[in-house]
Every structure is written in structure tokens, then in C-alpha cells.
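1. Have a look at this prediction, sequence included:
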Amino acid sequence: MKTFILLLAAASVQALYADSFLIEMEKIKSVSILTEPVRGKCALAADSEGRARWQIFSPYESITISNERGLFQFEKNAGEWKTIKNPFADKIKKVIGDIKNIVSGKFSNEYEVERSGNSATLLPKDPAARKFISKITVKFAGGSDIPESIEIEEAGGDKTVLKTLRAQKDPAGLSDAFDEKNFLKFPPK
Amino acid sequence: MKRKIALAAAILFAAALSLALPDGGYALRGKSYMQRGVLSAGGADMPITVYVLSGDSSISMAIEGEAGVLAKVAVSPLDGRELSCSGSTALPEKIVRKFALRDLRAAMGLGGFENAEAVFVEKYGGRTISASSDEYKIEFSEYKKIGETEIPTRLKISCESYSLSLDFISPLNAGKK
């Protein structure tokens, strides 16, 4: 579900930042049992064809690629990259459909979008989706169409905040980001 | 005969070493840390992140998957008694109690084998390498010095319904909020 949401967030960003992009972010995970949040680095890439790549660089490494051939996940475990057989691939593919719709100018009607000043709040309309995610808040820096932060609040009260560190429009070699056969060919610098 | 005596002495020495360690040979006991790995069940893989926070009165664990935080459990550091247990839409409490609580107790050497007829514990240098019964096995490997002590940086669980391979990622701050 989090992957769905991140892909949806990519779609939201895409709608406002129409061309291909790469955004490097700080990921801040807050879990109620922890005394302080866990911080790491990640990146989100997407193009106008609806392809997307979600990569976590730290504190662990994982890559999710969504392209015209399907959904591919890779996880570094025991020092080696492992292909993940994801049981939720079909659901994620549906979200990719949403992304394509948004890219073509249609916002998904599965979310209620509330805009206030420099932020937009996405509320899942589907009660089943609300059991996982209570809301997503996208904040923008004044005058910018690049999100400053994306906050994902889980139904259980824990949350993930993604803060933009660097954003690139139409970065060189972006098509490599979506090649599942050479998934390590695209390390954003 | 000499070989048997040497073997018996080695076993006694290992047992003594284990008793001498405050964690009873379970090096993760008393530690707060983060692990990442893959849970494999029924031909599907699920990447998960595990957070463990050890305190004087409880050992808390949260399991995070792609659907967010899936489960939270807490046990007593004295005897592994359940202090709290909660699941999520993706992972019901009943399943969390059956599997996640067992895994946490087994990792800390605080039980987890309640229904087993026999439990085999393999130790080396006082450190637990594995604990197993007919249906369940937990393995601790790649011991490395993290902070003041050596801990297993790889943990593997295999049982009738799933296998789990976890890598140590980093220690966590166990200080007060």
C-alpha cells in the first residue's frame, strides 16, 4: 500500500510537474514505539509515459520499478540483490493506471483532494484504503510546483515524511531508471 | 576415553561461558536495533523492516511492511510474557500473536518453543548459533562487534509456514522519548 501511495504521490507530483523528473528525498519514519524517527535517503523518478522508480538508498537498499512490462521489486538482502515476487503486483499496476490518467490530466476520483494555501491533502474515499492510510499531505514551497514534503499518515498513527532534497526536471539517462533488467544502471547521484 | 572427556569438558566450558554472559548467550537481548529482510510465504516475498526497542520493563517490536506498520508487540524482558500485541488490517492480531511474538521470544531466548517436545540449542563460544525444534528453527550468524558487544548481524527463521531472513541495519536509540 505504501508503494501504491508513493506511486500515487509520484502521480500527484507529475500532474504539477508535468515532464519527467527525479526527486531525491530524505525519508523520515516515525513509529510509536521508537524514541526518535529513523532517517534515510530515497529517490522517486517518473516519466511522461507513466513509468516510475522508487529507490531507497539508506538505511537499507531497495528498488521498485513500474513500467509497461509490469512491476519489479529488488531488495538487497544478505549483501546481495534479490528479486521479490510481490503478491500485490496487480494492485500496484492499477495505481499505474491512475498515474497514466493523471499524466493525461485526469485526477483519480478515488481520492478527495483538499487544497489549502501551499498544500494539498489527499483523503482516500474507499473505506478499505482508509484502513491503511488516513491521509497524504503534499506541501509546496512558495511559488514552486515541486513538493517540499509529502507526509503519509497511516491509519495506525505512524507516519512517513518525505522531504525534498534535490529535484531535477528531465534528468539525463532517465529511461535507464525504468529498465528492470539493468536495474542498477541508474544510481541517481 | 580422552576424546570423550575433552568433548565433555568443551560442552561444560561452552555452557559455563553461556551462563557467564548476562544475556544467556542471546546477544540481541537488551539491544535496540533495526533489521531489514524478506519474509517468504506461499511462493510470495514481502520485504519487511523490524524495529526492536529494549528497556528495563519491556522489549517492544514493530514490523513494517509495504502496507505500513503491520504489527506491534511487547514482551517482558524477564520471562517473555506478553505485555501487548496489536495487528493491522494486513496482519490480524491473531496471526501476530502466533508468529511475531514467537519470533521475538525466540530471538531473545525468552521462549518461543512452548509446544515443542524437544529444543536443540547450538552454541559456540557461549553464543547461540541456533535453536530448533521439529517445526521451527532460528539461526544467528555473522556475529560482528556493534558498539561494545558482538551481535549476530544476520538472523534466519524457518518454520512450517514461512521463512524469514533479516539483516542488522543499525542500532536504535533506546533513550526516553
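-> Right, received. Where do you want to start? Numbering: from 1, shown residues only, chains lettered A, B, ... in the order given.
2. And for residue 50, the neighbour number?
-> Chain wasn't specified; assuming chain A. 23 (other Cβ atoms under 10 Å in any protein chain shown). The C-beta positions use only the backbone N, C-alpha and C, and glycine is treated the same way.
3. Wait, chain B was what I had in mind.
-> B:Val50 has 24 neighbours, counted by other Cβ under 10 Å.
4. now the residue lying closest to it once chain neighbours are set aside, which residues is it bridged with?
-> Nearest non-adjacent residue to B:Val50, counting by Cβ to Cβ, 6 or more residues apart in numbering or on different chains: B:Gln35, 4.4 Å away. Counting by DSSP bridges, B:Gln35 forms beta bridges with B:Val50, B:Phe168.
5. in chain A, which spans are helices?
-> A:2-16, A:89-103, A:127-130 (DSSP state H).
6. How about chain B?
-> Using DSSP H, helices in chain B cover B:2-20, B:93-95, B:101-108.
7. Enumerate every residue touching the residue nearest to B:Val50.
-> B:Thr49, B:Val50, B:Val52, B:Leu155, B:Leu166, B:Asp167, B:Phe168, B:Ile169 (Cβ atoms under 8 Å, 6 or more residues apart in numbering or on different chains).
8. Check what pLDDT it gets.
-> On the pLDDT scale, B:Gln35 is placed at 98.
9. Then B:Leu12?
-> Residue-level confidence at B:Leu12 comes out at 43, pLDDT.
10. Quick check: the residue nearest the centre of chain B vs B:Thr153, distance?
-> The centroid of chain B falls nearest to B:Ala107 when counting by Cα atoms, centre = their mean (1.3 Å). From B:Ala107 across to B:Thr153, the span is 13 Å (Cβ to Cβ, to the nearest Å).
11. can you check B:Ala90 too?
-> Look at B:Ala90 and B:Thr153: by Cβ to Cβ, they are 28 Å apart.
12. What residues does A:Ala141 make contact with?
-> Contacts of A:Ala141 (Cβ under 8 Å, 6+ apart): A:Asn118, A:Glu148.
13. What values do phi and psi take at it?
-> Here is the backbone geometry of A:Ala141 (degrees, to the nearest 10): phi -70, psi 150.
14. do you know how far it is from chain B?
-> Relative to chain B, A:Ala141 is positioned 27 Å away (Cβ to the nearest Cβ, to the nearest Å).
15. Could you do A:Leu71 as well?
-> Relative to chain B, and taking Cβ to the nearest Cβ, A:Leu71 is found at 12 Å.
16. before we move on, back to that, with distance to B:Gly112 added, can I get the contacts of B:Gln35 in TSV?
-> Shown next, in TSV, are those (distance: Cβ to Cβ, whole Å):
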residue	distance to B:Gly112
B:Thr49	21
B:Val50	15
B:Val52	14
B:Leu155	13
B:Leu166	15
B:Asp167	21
B:Phe168	19
B:Ile169	22
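17. Can I get the buried part of the residues you listed as one PyMOL selection?
-> To isolate the buried ones among the contacts of B:Gln35 in PyMOL, judged by 16 or more other Cβ atoms under 10 Å in any protein chain shown, type:
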select buried, chain B and resi 49+50+52+155+166+167+168+169
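18. need the contacts of B:Gln35 in a markdown table with pLDDT, can you?
-> Below are these laid out as a markdown table (pLDDT from 0 to 100):
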| residue | pLDDT |
| --- | --- |
| B:Thr49 | 97 |
| B:Val50 | 98 |
| B:Val52 | 98 |
| B:Leu155 | 97 |
| B:Leu166 | 96 |
| B:Asp167 | 96 |
| B:Phe168 | 97 |
| B:Ile169 | 96 |
